[in-house]
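# this one's structure only:
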């Protein structure tokens, strides 16, 4: 079974600075998808970014980018120009490509990000 | 506006009682999911459904039951067999695809035991 590990339970960053959240995963599959979801204090889960394992190019969404290292099974999230609204729990998630049409995700335990003004 | 509605926001269960959490979506998604979130933990999959009248167990289905009689609705019943039901429950939906679709989440239900 696949597992997702987020080794940093908590991180903090100064407003306008850059922070990187770590995620590693364990799988024997070659094709899969990786996600970062954000959960602010409202507890609403929001998709931040998505990566397809067969694409070597790292995904980018505005201030959010990933460093996807397939051989190392690493999928870190970089947040540039951090804003107070980025404060949230961040979850890394894995989705096998071999599960038909369902989005069964395996989640890490999360990293709580604090943004200091 | 399209979205997922979960109700109630807070729910209390007495010993030996079954309770049902509601989840409704108007996104026309075929697939729906129930996740459980405990403090300091990630989300764990309880049940999921890819189509009406069909559903599959997730990783922690014991003590829970679901139904999918309508495309829009996927209620979750927490039965008395679930000995540790206190948690935050999230419902989600997605399109059916081979290509890693985005999950749309509801705002959650916090279930506590009296």
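Structure received. Computed from a predicted model, the values in this text were never measured in an experiment.
# Who is the residue positioned nearest the centre of chain A paired with across the strands?
Residue closest to the mean C-alpha point of chain A, counted by CA atoms, centre = their mean, is residue A:36 at 3.0 Å. For residue A:36, the beta-bridge partners under DSSP bridges are residue A:49, residue A:92.
# Touching, it and residue A:48? I think so.
Yes - with contacts counted by CB atoms under 8 Å, residue A:36 reaches residue A:48, the gap being 4.3 Å. Yep, even glycine has a C-beta here, placed from its N, CA and C like the rest.
# intersection of neighbour lists for the two?
Counting by CB atoms under 8 Å, 6 or more residues apart in numbering or on different chains, the residues touching both residue A:36 and residue A:48 are A:64, A:77, A:90.
# give me the number of residues near the last one?
Neighbouring residues of residue A:90 were enumerated by other CB atoms under 10 Å in any protein chain shown; the total is 23.
# does it belong to a helix or a strand, and which?
strand A:88-96 (DSSP states H and E).
# try residue B:24
Using DSSP H and E, residue B:24 sits in strand B:19-25.
# beta partners for residue 13?
Picking chain A for this. residue A:115.
# my bad, the chain I had in mind was chain B
Those that pair with residue B:13 in a beta bridge, by DSSP bridges, are residue B:113.
# so what's it up against?
Each residue near residue B:13 by CB under 8 Å, 6+ apart is listed here: B:19, B:78, B:85, B:111, B:112, B:113, B:114.
# Nearest residue to the fourth one in space, ignoring adjacent ones along the chain?
If you skip the residues right next to it in sequence, residue B:111 has residue B:11 as its closest partner in space, 4.9 Å away by CB to CB, 6 or more residues apart in numbering or on different chains.
# pretty sure that neighbour is in contact with residue B:20, am I right?
No - contact criterion CB under 8 Å: residue B:11 and residue B:20 do not qualify, at 9.0 Å.
# For the two, work out which one has more neighbours and name it.
residue B:11 (17 against 13).
# helices or strands up against the strand holding residue A:90?
Here strand A:88-96 is seen to pack against strand A:3-5, strand A:32-39, strand A:74-79, strand A:106-107, strand A:111-116 when contacts are counted using 3 or more CB pairs under 8 Å, 6 or more residues apart in numbering or on different chains; DSSP states H and E.
# how about the ones you listed in TSV, adding mean pLDDT?
Conversion of the helices and strands packed on strand A:88-96 to TSV gives the following (pLDDT from 0 to 100):
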stretch	mean pLDDT
strand A:3-5	95
strand A:32-39	95
strand A:74-79	98
strand A:106-107	94
strand A:111-116	97
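# Tabulate the ones you listed in CSV, adding columns for distance to residue B:24.
CSV is the format used below for those (distance: least, CB to CB, whole Å):
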stretch, distance to residue B:24
strand A:3-5, 29
strand A:32-39, 21
strand A:74-79, 32
strand A:106-107, 24
strand A:111-116, 30
